[in-house]
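Peer 1: Model the following, please.
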Amino acid sequence: MSGDSSVGGRASSSGAAPAPMPKFAVAARGALADTALRRDLRAVTGELRRRREAAVGELGDWEELREAGRAIRDETLLNLDAHLERLEKSVTEAGGTVHWAADAAEAARLVTGLVTATGHGEAVTAAVPAAREIGLYEALAEAGVTAHPTDLAELVARLDGGPAPADPAPPAFHRDRARLRELFVRALPDAPPDLPDDPAALAAAARAHLRRRLLSARVAVCGADFMVADTGTLVLLESEGNGRAAVTLPGTLICVAGIDAVVPTWDDLEVLLQLLPRSATGDRMSPCVSTWTGVTPGDGPSELHLVLLDNGRSAALADEAGRAALRCVRCSACAHVCPVYERTGGEPYGPRGGGPIGAVLTPLVEGVEDAARASLPYASTLCGACADVCPVKIDIPDLLVRLRGRVVESRRRRPVPTPELLMMRSAAWTMADRGRYEAALRSGARWARLLSRGGRIRRLPGLLGKWTDARDLPAPPVHSFRAWWRARPRHGGDR
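Peer 2: Numbers count the residues shown, from 1 in each chain. A predicted model of the protein is given here:
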């Protein structure tokens with residue numbers, strides 16, 4: 001095991017930490033205004049939902065399989081320390097080296113140090129879910145290392161000068177094929193100028209470019225979907241095959257994975273390998289399942305480094321909500337059924353992932369004191385669809401409600417109350433007395449009628465205006481129900 005966080009290179013001081021997050025509503029404005037993105041999101045998520053339903057419908061014991069997955073993940077998390085110790089022992093005995101990273105900055109320093117220690121100034125990356133979380137590309141760039149992503153979605157984003165996509169999603173989530181063709185002609189040095197925009201031609205152009213990168217690579221950085229504690233085996237699931245090349249061809253392989261990705265045995269892995277692909281893409285199994293254990297002379301990398309990332313995961317285990325959320329196997333099924341995600345995509349949720357589970361994990365692990373993270377639990381309709389499709393039965397709506405409660409409690413502790421809290425306290429004081437309530441009702445109705453035009457209120461003043469930014473309100477009637485009730489004719493039978 002290695003605990004040195006500055007292995008052979010200078011630490012990344014700025015790139016390792018994620019950039020400050022804006023509030024969800026602010027971050028989502030760009031996506032909401034991008035009609036092409038919304039169209040692509042709607043089409044792709046709709047197709048993924050249909051594929052999942054078909055794949056799940058083939059199994060008569062799907063619910064029993066989900067329950068088995070839930071039990072496996074719960075047992076693993078309850079005994080995580082023992083499983084991680086066994087994993088470290090197994091990896092070390094197989095010839096690998098294990099490094100422990102307490103947070104994102106330490107993980108980034110470890111990876112950049114390991115890359116620079118090889119003496120090479122370039123590295124290929126493949127299927128690294130934690131890349132955004134630890135600021136991997138920024139840290140490598142600061143250390144003078146050129147990173148070449150080999151995942152198609154990441155390649156597209158990097159060619160266009162943007163960050164890695166927020167989710168392991170098809171490139172159609174971000175650009176249609178006409179825009180992909182334009183980007184490839186402009187940014188790929190070996191793309192022909194007459195490249196057509198049909199999917200086969202675009203895939204061939206990307207494949208040719210990536211093949212050259214992979215064949216010349218000496219260092220690779222990858223992720224792991226699962227890690228088998230019994231044997232020290234790392235498991236990578238993908239659909240393109242670039243990950244398999246990345247973990248096979250370079251001489252040095254650096255794998256970055258969260259500590260929650262461990263599974264105790266191969267029998268446990270078998271259950272999860274049935275659940276994840278059906279939930280993620282509607283496939284019976286992942287097209288490429290790569291497994292590797294340590295190093296073997298003359299076969300594959302001669303050096304294997306496993307960086308185990310905590311970054312708040314241990315703290316999340318301290319409560320029931322945290323343990324439930326860490327069951328996640330990163331299938332994104334919850335995102336594919338979420339009406340909010342379908343309109344915004346994954347970017348506004350931050351570096352830990354998009355969709356409902358991202359709205360849970362980021363504030364759960366990083367806290368709700370920050371306004372941006374406190375906004376995430378509210379980025380949901382609480383419709384419950386995410387809980388219905390989760391392959392390991394995470395009750396995401398319940399977790400979101402709990403986190404909203406934490407947000408409220410954190411605001412109560414502030415020396416200066418927020419405007420929202422002041423409004424709620426004023427409402428509570430008003431409603432606690434019948435006289436105050438009726439007086440406020442009369443006054444409010446009078447002002448609301450003055451603001452209305454054509455029987456509708458299209459803009460409320462101040463903070464209330466956020467409500468009418470997306471909807472109109474009907475003008476209130478001249479007389480309230482209480483006033484009507486008191487003024488109605490009385491009959492002998494009335495009491």
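
Peer 1: So what touches stretch 453-463?
Peer 2: 419-420, 423, 448, 451, 465, 467-468, 472-475 (Cβ atoms under 8 Å, 6 or more residues apart in numbering). Quick note: C-beta positions are derived from backbone N, CA and C, even for glycine.

Peer 1: buried ones in it?
Peer 2: Within stretch 453-463, the residues that count as buried by 16 or more other Cβ atoms under 10 Å are 457, 460.

Peer 1: same thing with stretch 87-105?
Peer 2: By 16+ other Cβ under 10 Å, the buried positions in stretch 87-105 come out as 87-88, 90-91, 94-101, 104-105.

Peer 1: So in terms of bridging, what pairs with residue 453?
Peer 2: residue 456 (DSSP bridges).

Peer 1: State the distance from it to residue 442.
Peer 2: Counting by Cβ to Cβ, to the nearest Å, the gap between residue 453 and residue 442 amounts to 21 Å.

Peer 1: Can you show me the helices along the stretch 201-350 of the chain?
Peer 2: With DSSP state H, counting those that start in this stretch as the criterion, the stretch 201-350 of the chain has helices at 242-246, 266-280, 313-316, 320-325, 333-336, 341-344.

Peer 1: Narrow the contacts of stretch 453-463 to those that are buried.
Peer 2: Applying 16+ other Cβ under 10 Å to the contacts of stretch 453-463 flags 468, 473, 475 as buried.

Peer 1: Now intersect those residues with the strands, please.
Peer 2: residue 473 (DSSP state E).

Peer 1: okay, the helices of the stretch 201-350 of the chain, which one's buried deepest?
Peer 2: helix 333-336 (a mean of 28; mean count of other Cβ atoms under 10 Å).

Peer 1: hang on, the earlier thing: just send the buried residues of stretch 87-105 back as JSON lines, with secondary structure, distance to residue 31 and pLDDT too.
Peer 2: Shown next, in JSON lines, are the buried residues of stretch 87-105 (DSSP: H, G, I helix; E, B strand; the rest coil; distance: Cβ to Cβ, whole Å; pLDDT from 0 to 100):
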{"residue": "87", "secondary structure": "helix", "distance to residue 31": "38", "pLDDT": "98"}
{"residue": "88", "secondary structure": "helix", "distance to residue 31": "41", "pLDDT": "98"}
{"residue": "90", "secondary structure": "helix", "distance to residue 31": "43", "pLDDT": "98"}
{"residue": "91", "secondary structure": "helix", "distance to residue 31": "40", "pLDDT": "98"}
{"residue": "94", "secondary structure": "coil", "distance to residue 31": "44", "pLDDT": "97"}
{"residue": "95", "secondary structure": "coil", "distance to residue 31": "45", "pLDDT": "97"}
{"residue": "96", "secondary structure": "coil", "distance to residue 31": "40", "pLDDT": "97"}
{"residue": "97", "secondary structure": "strand", "distance to residue 31": "41", "pLDDT": "98"}
{"residue": "98", "secondary structure": "strand", "distance to residue 31": "39", "pLDDT": "98"}
{"residue": "99", "secondary structure": "strand", "distance to residue 31": "36", "pLDDT": "98"}
{"residue": "100", "secondary structure": "strand", "distance to residue 31": "36", "pLDDT": "98"}
{"residue": "101", "secondary structure": "strand", "distance to residue 31": "31", "pLDDT": "98"}
{"residue": "104", "secondary structure": "helix", "distance to residue 31": "25", "pLDDT": "95"}
{"residue": "105", "secondary structure": "helix", "distance to residue 31": "29", "pLDDT": "95"}
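
Peer 1: Return the member of those residues nearest to residue 482.
Peer 2: The closest of these to residue 482 turns out to be residue 104 (Cβ to Cβ; 56.3 Å).

Peer 1: so the closest one makes contact with residue 132?
Peer 2: No: in this structure residue 104 lies outside contact range of residue 132 using Cβ atoms under 8 Å: 9.7 Å.

Peer 1: Strands of the protein, residue ranges please.
Peer 2: 97-101, 122-126, 146-149, 219-223, 226-228, 233-238, 252-258, 262-263, 288-293, 303-309, 456-457, 473-474.

Peer 1: now the fifth one: mean pLDDT?
Peer 2: Read it as strand 226-228. When pLDDT is averaged along strand 226-228, the result is 98.

Peer 1: Please apply the same query to the third one.
Peer 2: Per-residue confidence for strand 146-149 averages out to 92 on the pLDDT scale.

Peer 1: So which residues make contact with it?
Peer 2: Contacts for strand 146-149 (Cβ under 8 Å, 6+ apart): 121-126, 136-137, 140-141, 155, 158, 164, 213, 217, 221.

Peer 1: rewinding a little: need the contacts of stretch 453-463 in JSON lines (columns: pLDDT and distance to residue 383).
Peer 2: Below are the contacts of stretch 453-463 laid out as JSON lines (pLDDT from 0 to 100; distance: Cβ to Cβ, whole Å):
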{"residue": "419", "pLDDT": "75", "distance to residue 383": "28"}
{"residue": "420", "pLDDT": "73", "distance to residue 383": "23"}
{"residue": "423", "pLDDT": "79", "distance to residue 383": "26"}
{"residue": "448", "pLDDT": "82", "distance to residue 383": "30"}
{"residue": "451", "pLDDT": "83", "distance to residue 383": "32"}
{"residue": "465", "pLDDT": "77", "distance to residue 383": "26"}
{"residue": "467", "pLDDT": "74", "distance to residue 383": "20"}
{"residue": "468", "pLDDT": "76", "distance to residue 383": "23"}
{"residue": "472", "pLDDT": "77", "distance to residue 383": "23"}
{"residue": "473", "pLDDT": "81", "distance to residue 383": "23"}
{"residue": "474", "pLDDT": "87", "distance to residue 383": "25"}
{"residue": "475", "pLDDT": "84", "distance to residue 383": "30"}
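
Peer 1: and the longest helix along the chain, which residues are buried?
Peer 2: Counting residues, the longest helix found in the chain (DSSP state H) is helix 35-57. Along helix 35-57, these residues count as buried under the neighbour rule (16+ other Cβ under 10 Å): 37-38, 40-41, 44-45, 48-49, 51-52, 55-56.

Peer 1: Just the CA trace of that helix, in PDB.
Peer 2: Presented in PDB, the C-alpha positions along helix 35-57 are these (Å, rounded to 0.1, in the frame of the first residue of the first chain):
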ATOM      1  CA  THR A  35     -34.100  23.300 -27.700                       C
ATOM      2  CA  ALA A  36     -31.800  20.900 -29.600                       C
ATOM      3  CA  LEU A  37     -30.400  19.500 -26.400                       C
ATOM      4  CA  ARG A  38     -33.900  19.100 -24.900                       C
ATOM      5  CA  ARG A  39     -35.000  17.300 -28.100                       C
ATOM      6  CA  ASP A  40     -32.000  14.900 -28.000                       C
ATOM      7  CA  LEU A  41     -32.500  14.300 -24.300                       C
ATOM      8  CA  ARG A  42     -36.200  13.500 -24.700                       C
ATOM      9  CA  ALA A  43     -35.400  11.100 -27.600                       C
ATOM     10  CA  VAL A  44     -32.500   9.300 -26.000                       C
ATOM     11  CA  THR A  45     -34.100   8.900 -22.500                       C
ATOM     12  CA  GLY A  46     -37.300   7.700 -24.100                       C
ATOM     13  CA  GLU A  47     -35.500   5.100 -26.100                       C
ATOM     14  CA  LEU A  48     -33.500   4.000 -23.000                       C
ATOM     15  CA  ARG A  49     -36.700   3.600 -21.000                       C
ATOM     16  CA  ARG A  50     -38.300   1.400 -23.700                       C
ATOM     17  CA  ARG A  51     -35.200  -0.700 -23.900                       C
ATOM     18  CA  ARG A  52     -35.100  -1.200 -20.200                       C
ATOM     19  CA  GLU A  53     -38.700  -2.200 -20.000                       C
ATOM     20  CA  ALA A  54     -38.200  -4.800 -22.700                       C
ATOM     21  CA  ALA A  55     -35.100  -6.200 -21.000                       C
ATOM     22  CA  VAL A  56     -36.600  -6.300 -17.600                       C
ATOM     23  CA  GLY A  57     -39.800  -7.900 -18.900                       C
END
